[in-house]
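[1] sequence and predicted structure below; questions after.
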Amino acid sequence: MLSYEEAIGVLYSHIYKGLSTDERARLDAGRPDRARALLRELGEPQLRYPTIHVTGTKGKGSTAIMIAAMLQAAGLRIGVMTSPHLQDIRERMQIDRAMISKDEFAARVTALIPLFDAHADSGFPEVMNALTFHYFADEKVDAAVIEVGVGGRLDATNVLQPEAVVFTSISYDHMHLLATHSRKSRPRKLH
């Protein structure tokens, strides 16, 4: 079994390092398809519990945590996925406000290495989501509150079939990431 640090290294190895903007855009364009392929091989874990999808520009994480707290106060077992993490990668995948243990995190990543290797072109968001959704399904959460990553139509969380979608405030941050990337198409200002 991998150590906790080695498990983090496996996940981080899926970050697109040293790629040009065009190369990243090409890889990002396939993100929902790659996410679906990973999850299909895991038996579609994200469909085994109701989800609430939280999107927007600012306040997504706080909103997700507040929704999870309300559902938990109602007596439900709640998974919550947020991003990015502030200090510990395990912040991204909590059940009833408790992070997964380091040992269990390492064991779960170890078990999924063959899947991650078979989908080597998958980026960090896809492998992190697969790990998290699978964890929530195995732990039989009553529901999960899922925060989008960067957002937009190519977000890896768009594999969900949520019971509800919550929008926080929307502004123009990350337009360069959300616009279509190509040599002929550049983000344009919206008025």
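    Structure's in. What do you need?

[2] next, residue 94: phi, psi?
    For residue 94, the backbone dihedrals (degrees, to the nearest 10) come out as phi -120, psi 150.

[3] list the contacts for it?
    Contact partners of residue 94, counting by C-beta atoms under 8 Å, 6 or more residues apart in numbering, are 68, 79, 80, 81, 100. Heads up, the C-betas are built off the backbone N, CA and C, glycines and all.

[4] what bridges to it?
    residue 80, residue 99 (DSSP bridges).

[5] can you tell me how far it sits from residue 70?
    As judged by C-beta to C-beta, to the nearest Å, residue 94 and residue 70 stand 15 Å apart.

[6] tell me the most packed of the contacts of residue 94, by neighbour count.
    Neighbour counts for the contacts of residue 94 (other C-beta atoms under 10 Å) peak at residue 80, which has 29 neighbours.

[7] surely that one touches residue 68?
    Yes: between residue 80 and residue 68 a contact is recorded at 4.1 Å, counting by C-beta atoms under 8 Å.

[8] who's in contact with the longest helix anywhere in the chain?
    Determined from DSSP state H, the single longest helix within the chain is helix 102-118. Applying C-beta under 8 Å, 6+ apart, the external contacts of helix 102-118 come out as 1-4, 6-7, 10-11, 14, 38, 41-42, 89-90, 100, 122, 127, 130-131, 134-135.

[9] got the contact list for residue 45?
    Here residue 45 is in contact with 39, 130, 133, 134, 136, 137, 138 (criterion: C-beta under 8 Å, 6+ apart).

[10] for it, what are phi and psi?
    Per-residue torsions, residue 45: phi -60, psi -30 (degrees, to the nearest 10).

[11] what does the one 5 residues further on give?
    Note on residue 50: backbone dihedrals following degrees, to the nearest 10 are phi -70, psi 150.

[12] so it makes contact with residue 146?
    No: between residue 50 and residue 146 there is no contact under C-beta under 8 Å: 10.8 Å.

[13] any residues in contact with both of those two?
    residue 162.

[14] who has more neighbours, the two?
    Between residue 50 and residue 146, counted using other C-beta under 10 Å, residue 146 has the larger neighbour count: 25 against 16.

[15] how close does the more buried one get to residue 45?
    Residue 146 sits 12 Å away from residue 45, taking C-beta to C-beta as the criterion.

[16] just to revisit the earlier point, how far off centre is the longest helix of the chain?
    16 Å (C-alpha atoms, centre = their mean, to the nearest Å).

[17] list the buried residues in it.
    105, 106, 107, 108, 109, 112, 115, 116 (16 or more other C-beta atoms under 10 Å).

[18] and for stretch 40-49?
    Quick answer for stretch 40-49 (16+ other C-beta under 10 Å): 42, 45, 46, 49.
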